[in-house]
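1. have a look at this prediction, sequence included:
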Amino acid sequence: MTVPNRNRRAVRMVWLLVAGLLLAGCVHPGSSYHREQMGQIGQNPAVVVTIAPTYTPTAEQVAITQPTEKPTETATDAPTEIPTATATEAAVSVAAAGQPTAIATATATGLPATATTAPRARPTATPTPRPTPTVLIPNGFTKQTDSVRGYSLALPRGYTLLDLRSAQFRNLANAIGMGGQMTALNEFLDSPAGQSVGILAASDIATMIFGGLPSIAQVMVVDAKGASQDTAQVSVESLLSGQGGFLSNPVIGKMENVTVNNLPAVRATVTGTLAGSNRPMAGKVVGLLGNDKFFVLIQLTESTKWATKEGLFDQIIGTFRPE
């Protein structure tokens, strides 16, 4: 992305438009490398755990039923009609543990005994429970939910949600001489890759009047079934280093696998200069793995504000979760 250096006001105002054009830069449909990396995160096969069945003999299998005692016959003066009797003998096999119980039935007719085998209960595997996200929303923060992509986060007072398709955003682009870029941006938003674009918000917009740049928070979501934290690191690195992004010559600080809000995650810091200018920027990136997706939150501000903004950025990260 090239920002025309027409005048000082354009450089100050371009930040909001860059916030939108980041999407076309970092995940541009024409960037084959990034498309490959973002696709790779969802190509890892899911781990299949096979649990060997076990069998424990029941108490009935180790109990021995004694044969029924034969009845005593008493002679009488008058002959008594002999009823037809059926004798049932239960025999329980006490073989090695794990053998099914056999019940034999014998009748007085002399027919051979028939064996009935009791069915064996099939063992069932218990699935590994997924971790439950745990977040803390500070006082004064307002929860924002993206029901389409399945996540939420909370933003403090002073943050404004930006609608990239709004007339206000289009007028801003026209005001700084970049209205022609809106067609490409809208085409990107309508593309499959554009569906990964989530919430975009900015704060300190009023500082632009005095030559400052706003801080931004941007969420992106991609499919990541079977992905690991190491694979997620590759995706974050590709996202931050993509051509045409927010930053020129970005420098990624220490990237590490961590647990964020009780979920597996990756975290990194990043510095660089604002694309199209020499304004130094700094920020923090965190990506959460959950619900077979990868949720990435990028936060950037001017380097001169980093010391005061880092704590606020961490608070916003503490509210970030899949839904």
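-> Received it, and whenever you're ready, just let me know what you need.
2. going by C-alpha atoms from here, please, whenever you check contacts or count neighbours.
-> Noted.
3. am I right that A201 is in a helix?
-> No: counting by DSSP: H, G, I helix; E, B strand; the rest coil, A201 falls outside a helix, being strand.
4. next up, the contacts around it.
-> Y159, T160, L161, L162, I216, A217, Q218 (C-alpha atoms under 8 Å, 6 or more residues apart in numbering).
5. among those, which ones are buried?
-> Y159, T160, L162, I216, A217, Q218 (16 or more other C-alpha atoms under 10 Å).
6. how about the helices in this protein?
-> 8-26, 32-40, 59-62, 167-175, 181-190, 229-241, 306-317 (DSSP state H).
7. wait, G253 sits on R267?
-> No: using C-alpha atoms under 8 Å, G253 is not in contact with R267, being 9.6 Å away.
8. settle it for me: which of those two has more neighbours?
-> R267 (22 against 13; other C-alpha atoms under 10 Å).
9. leaving out sequence neighbours, find the closest residue to the more buried one.
-> Nearest residue to R267 in three dimensions, chain neighbours excluded: V286, at 4.4 Å (C-alpha to C-alpha, 6 or more residues apart in numbering).
10. which residues are in contact with that neighbour?
-> Residues near V286 by C-alpha under 8 Å, 6+ apart: A265, V266, R267, A268, V296, L297, I298, I317.
11. between which two of the residues you listed is the distance greatest?
-> Spanning the widest gap among these are A265 and I298, at 13.5 Å by C-alpha to C-alpha.
12. which stretches of the stretch 201-323 of the chain have low pLDDT?
-> The stretch 201-323 of the chain contains residues with pLDDT under 70 at 242-245.
13. show me the strands in it, by range?
-> 215-223, 247-252, 256-260, 263-274, 280-290, 293-302, 321-322 (DSSP state E, counting those that start in this stretch).
14. looking at those strands, which is closest to S152?
-> Counting by C-alpha to C-alpha, S152 lies closest to strand 321-322 out of the strands of the stretch 201-323 of the chain; the figure is 5.7 Å.
15. identify the neighbouring strands of that closest one in the sheet and state each direction.
-> strand 151-155 (antiparallel) (DSSP bridges).
16. what does the partner strand rub up against?
-> So strand 151-155 is contacted by 137, 141-146, 295, 316-317, 319-323 (C-alpha under 8 Å, 6+ apart).
17. among those residues, who's most crowded?
-> Result: F320 is most packed of the contacts of strand 151-155 (other C-alpha under 10 Å), 30 neighbours.
18. distance of it from A232?
-> 17 Å (C-alpha to C-alpha, to the nearest Å).
19. same thing with V251?
-> On the measure of C-alpha to C-alpha, V251 and A232 end up 18 Å apart.
20. between the two, point out the one with more neighbours.
-> Higher neighbour count among V251 and A232: A232, with 27 against 16, using other C-alpha under 10 Å.
21. just put the buried ones among the contacts of A201 in CSV and tack on distance to S152.
-> Compiled in CSV, the buried ones among the contacts of A201 are given as follows (distance: C-alpha to C-alpha, whole Å):
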residue, distance to S152
Y159, 15
T160, 16
L162, 16
I216, 16
A217, 13
Q218, 12
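22. burial measure for P129, as a count.
-> There are 6 residues near P129, going by other C-alpha under 10 Å.
23. and if you look at R157?
-> 11.
24. doesn't F141 make contact with it?
-> Yes: applying C-alpha under 8 Å, one finds R157 in contact with F141, separated by 6.4 Å.
25. buried set for stretch 227-243?
-> 227-229, 231-233, 235-243.
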